[in-house]
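Colleague: After the sequence you'll find the predicted model.
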Amino acid sequence: MPVILISDYLSTSSFLPPMHLKKLITSLVLVCCVVTQMMMFFSYARIKSKIAELSGVSPIVRQMCINSCVAFTGPFDNLEECPICQEARYLNDTSTPRRVFHTIPIGPQLQALWRTKESAQNIRHRSRRTAAIIAEIEENGGHITLFNDIYHGSEYLAAVERGDITRDDMILIMSIDGAQLYQMKASDCWISIWIIGDHAPDMRYKKKCVLPSTFMPGPISRNIPIHLCSRPSSFGRSTEGRSYDLGCC
Ligand SMILES: [Zn+2]
């Protein structure tokens with residue numbers, strides 16, 4: 001049992017704000033005491049559920065077309081069949097969806113990045129570099145001598161100049177690709193991730209800094225599901241996000 005608890009703690013601790021972390025540790029200690037004294041064993045699923053509740057990082061489940069054409073959200077929320085392939089949304093005469101996908105809310109994950117001084121300083125890399133780049137531009141009559149990061153992009157700098165992106169905003173880069181999880185059985189899915197553009201390039205793309213976004217089964221066709229063009233509510237329950245298209249990279 002302690003092994004399960006420790007692994008759960010380690011796998012989620014990077015997402016947790018300090019207050020939630022304190023509650024989580026307290027909770028885990030209590031669980032350990034109960035297990036030790038009463039020899040009761042909580043299931044792995046129950047422990048995971050408790051940690052998700054405390055951390056705020058739990059998947060948002062949405063219904064989608066069996067062929068992965070659309071998600072039944074927004075303008076498609078009330079449809080009973082897919083507007084693209086006309087496949088039924090639910091299993092025969094039930095309210096059970098034929099297919100769902102999961103989104104991990106990014107809001108609580110971003111919030112947790114500000115919980116320690118070290119982590120907050122890492123996130124401040126973008127604002128420090130941006131200030132230096134703008135100073136260089138002013139000094140060199142509008143010229144940049146070396147282009148070596150996304151902060152040198154003209155679209156980004158224009159957004160900063162307009163005030164659309166401030167030093168307190170966070171820059172997210174979304175990356176998505178299809179994957180086959182198991183070699184010997186049908187397991188095609190799309191996985192999307194968030195890369196935090198505020199981190200320095202030497203840590204931005206490291207696994208520990210990349211945050212999960214969406215997991216969805218399919219699609220049968222090789223096209224990216226069109227509902228990815230209108231992002232689901234992945235910014236979380238309490239955090240609102242603004243979106244600026246800075247181009248593809
Ligand atoms: Zn469809």
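Modeller: Received, thanks.
Colleague: Every contact and neighbour count from this point should use C-alpha atoms.
Modeller: Will do.
Colleague: Residues of this structure that sit close to the ion?
Modeller: Within reach of the ion by Cα under 5 Å from the ion, the chain has these residues: 65, 67, 69, 82, 84-85.
Colleague: Please produce JSON lines containing those residues, extended by neighbour count, pLDDT and secondary structure.
Modeller: What follows is these, written out as JSON lines (neighbours: other Cα atoms under 10 Å; pLDDT from 0 to 100; DSSP: H, G, I helix; E, B strand; the rest coil):
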{"residue": "65", "neighbour count": "28", "pLDDT": "90", "secondary structure": "coil"}
{"residue": "67", "neighbour count": "19", "pLDDT": "86", "secondary structure": "coil"}
{"residue": "69", "neighbour count": "24", "pLDDT": "86", "secondary structure": "coil"}
{"residue": "82", "neighbour count": "20", "pLDDT": "93", "secondary structure": "coil"}
{"residue": "84", "neighbour count": "11", "pLDDT": "91", "secondary structure": "coil"}
{"residue": "85", "neighbour count": "13", "pLDDT": "91", "secondary structure": "coil"}
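Colleague: Can you add distance to residue 182 and give those residues back as TSV?
Modeller: TSV is the format used below for the residues of the chain next to the ion (distance: Cα to Cα, whole Å):
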residue	distance to residue 182
65	22
67	19
69	23
82	28
84	28
85	27
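Colleague: Name the nearest of those residues relative to residue 160.
Modeller: Among these, residue 69 lies closest to residue 160 (Cα to Cα), at 35.9 Å.
Colleague: Please verify my assumption that the closest one contacts residue 84.
Modeller: Yes. If you go by Cα atoms under 8 Å, residue 69 and residue 84 touch, sitting 6.5 Å apart.
Colleague: where along this structure do the helices fall?
Modeller: Using DSSP state H, the helices of the chain run over 2-12, 18-38, 44-55, 106-112, 117-123, 125-139, 154-162, 201-204.
Colleague: my guess is residue 61 contacts residue 101, does it?
Modeller: Yes. Taking Cα under 8 Å as the definition, residue 61 is a contact partner of residue 101 at 5.8 Å.
Colleague: In terms of neighbours, single out the busier of those two.
Modeller: residue 101 (20 against 14; other Cα atoms under 10 Å).
Colleague: Per-residue confidence at the closest residue to the more buried one other than its chain neighbours, what does it come out as?
Modeller: Spatially, and ignoring its direct neighbours in sequence, residue 101 is nearest to residue 216 (4.5 Å; Cα to Cα, 6 or more residues apart in numbering). Note on residue 216: pLDDT of 85.
Colleague: which residues does residue 216 bridge with?
Modeller: Counting by DSSP bridges, residue 216 is bridged to residue 190.
Colleague: residue contacts, the most centrally placed residue in the chain?
Modeller: The centre of the chain sits closest to residue 213, judged by Cα atoms, centre = their mean, with a distance of 3.2 Å. Residue 213 makes contact with 103-106, 191-194, 234, according to Cα atoms under 8 Å, 6 or more residues apart in numbering.
Colleague: what's the distance between the residue of the chain most remote from its centre and the ion?
Modeller: Centroid-distance maximum for the chain: residue 141 at 39.4 Å, with Cα atoms, centre = their mean. As for residue 141, its distance to the ion is 54 Å (criterion: Cα to the ion, to the nearest Å).
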